[in-house]
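Engineer: need a 3D model of the sequence below.
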Amino acid sequence: MTGIICVNKDRDITSFGVCSKLRGITGERKVGHTGTLDPMATGVLTVMLGGATRFLDYLPESDKSYKARFSLGMTTDTLDITGSVLSECEVSVTRDELEAVLEGFRGEISQLPPMYSAVSVDGKRLYELARQGAEIEREARLVEIKSLELTEFDGKAGMLEVTCSKGTYIRSLIDDIGRALGCGAVMTALERTRANGFSLDKCVTLDTLQQLRDSGEGFDSVLISLESIFELYPKVEISSAQAKRFSNGGALDLKRIRQSVKNGACRVYSPDGLFLGLGSADSEKGELSVLRLLTKRD
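Structural biologist: Model prediction:
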């Protein structure tokens, strides 16, 4: 089975746990997810199956969208409600004051990855070090908050709707907002509503997938084609002879391709519309080389 299944992840299961359950439900041994969600988070988790897992390292950059609930007047070691409380205080914040602070977090911002995260430092995950009680220096990274809207607020708790670049930590964003307000803040719930170009309406639950298996219906109704995740890359159609060479790992002469090909990654198709894999065009070398092939076995 080769393709993509978008899972609406439940709370209190890891992204790895979702993949493990999918292996059991589908019978497909090769399963991998994109964009880890914390156990407390729900929503869009894009899962690649079979031959699609070979393409995990070549996914195009894409924005992600979230609905995040928060509470003011508290900080924790994990930056969310599941952690150990570090501080608590009374809250006196108006909606206008909060809106004014939010303005400073729109656009490109510098963000420090939380200690409880999967970021690797010297070969070790930060969360592994955090569980040992260690706190190490982390390098801040630039992320972009493309939209940030306050949709609910009662004076202490509320909800934000966020669209952001890859690598943004919503827990850190909320913690930084709390620091800017001077009272602290923690994330209390998180739902990812869009990732890799897929929204919640494309997602199915693990329970639904189990029902499809038990009924004998199969997974065709929920399996998304591999090439759909690469629609941001331009499409290049090649001749039969070129398709044979490309499928054998050979680079193609750009001058012999009947269409203009921009530098960078592209989707490569045979004359009969068969997706062959991803190529990389280089005008200086004058060639279209193979990035990753979708083999016949896939």
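
Engineer: quick one, helices of the stretch 51-200 of the chain?
Structural biologist: Per DSSP state H, counting those that start in this stretch, the stretch 51-200 of the chain carries helices over the ranges 95-103, 126-131, 170-181.

Engineer: just those: most buried one?
Structural biologist: Greatest average neighbour count among the helices of the stretch 51-200 of the chain goes to helix 170-181 (a mean of 21), per mean count of other CB atoms under 10 Å. For glycine as for every other residue, the C-beta is placed from the backbone atoms N, C-alpha and C.

Engineer: could I get the helices of the stretch 51-200 of the chain as a markdown table with mean pLDDT and distance to Ile145?
Structural biologist: A markdown table is the format used below for the helices of the stretch 51-200 of the chain (pLDDT from 0 to 100; distance: least, CB to CB, whole Å):
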| stretch | mean pLDDT | distance to Ile145 |
| --- | --- | --- |
| helix 95-103 | 97 | 9 |
| helix 126-131 | 50 | 22 |
| helix 170-181 | 96 | 7 |
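
Engineer: now the ones you listed in TSV, with distance to Arg256?
Structural biologist: As requested, the helices of the stretch 51-200 of the chain are exported to TSV (distance: least, CB to CB, whole Å):
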stretch	distance to Arg256
helix 95-103	53
helix 126-131	49
helix 170-181	48
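
Engineer: and the ones you listed: which comes nearest Cys203?
Structural biologist: Closest to Cys203 of the helices of the stretch 51-200 of the chain, according to CB to CB: helix 170-181, at 18.6 Å.

Engineer: what's the closest one in contact with?
Structural biologist: Under the contact criterion CB atoms under 8 Å, 6 or more residues apart in numbering, helix 170-181 has outside partners 38, 66, 68, 70, 72, 75, 78-80, 93, 97-98, 101-102, 104-105, 111-114, 145, 160, 162, 164, 184-187, 190.

Engineer: just the residues you listed: which are in strands?
Structural biologist: Members of the contacts of helix 170-181 lying in strands (criterion: DSSP state E): 66, 68, 70, 72, 75, 111, 145, 160, 162, 164, 185-187, 190.

Engineer: from the chain's centre, how far out does stretch 199-207 sit?
Structural biologist: 15 Å (CA atoms, centre = their mean, to the nearest Å).

Engineer: tell me the mean pLDDT for that stretch?
Structural biologist: On average, the pLDDT along stretch 199-207 is 96.

Engineer: end to end, how far does it reach?
Structural biologist: In stretch 199-207, first residue to last residue: 19 Å (CA to CA, to the nearest Å).

Engineer: next: stretch 258-276.
Structural biologist: One end of stretch 258-276 sits 17 Å from the other (CA to CA).

Engineer: can you give me the buried ones in that stretch?
Structural biologist: Val261, Ala265, Cys266, Arg267, Val268, Tyr269, Ser270, Phe275, Leu276 (16 or more other CB atoms under 10 Å).

Engineer: ditto for stretch 217-236
Structural biologist: For stretch 217-236, the neighbour count (16+ other CB under 10 Å) marks Phe219, Val222, Leu223, Ile224, Leu226, Glu227, Ile229, Phe230, Tyr233, Val236 as buried.

Engineer: reduced to three states, what does Ser228 come out as?
Structural biologist: Assigned with DSSP: H, G, I helix; E, B strand; the rest coil, Ser228 falls in the helix class.

Engineer: so what's it closest to, chain neighbours aside?
Structural biologist: Closest residue to Ser228 apart from its sequence neighbours, by CB to CB, 6 or more residues apart in numbering: Ile4 at 7.2 Å.

Engineer: likewise for Pro271?
Structural biologist: Nearest non-adjacent residue to Pro271, counting by CB to CB, 6+ apart: Ser240, 5.6 Å away.

Engineer: burial count for that neighbour?
Structural biologist: By other CB atoms under 10 Å, the residues close to Ser240 number 10.

Engineer: double-check it against Ser270; I have them as touching.
Structural biologist: Yes: with contact defined as CB atoms under 8 Å, Ser240 counts as touching Ser270 (7.0 Å).

Engineer: so what's Cys6 bridging to?
Structural biologist: Counting by DSSP bridges, Cys6 is bridged to Thr46.
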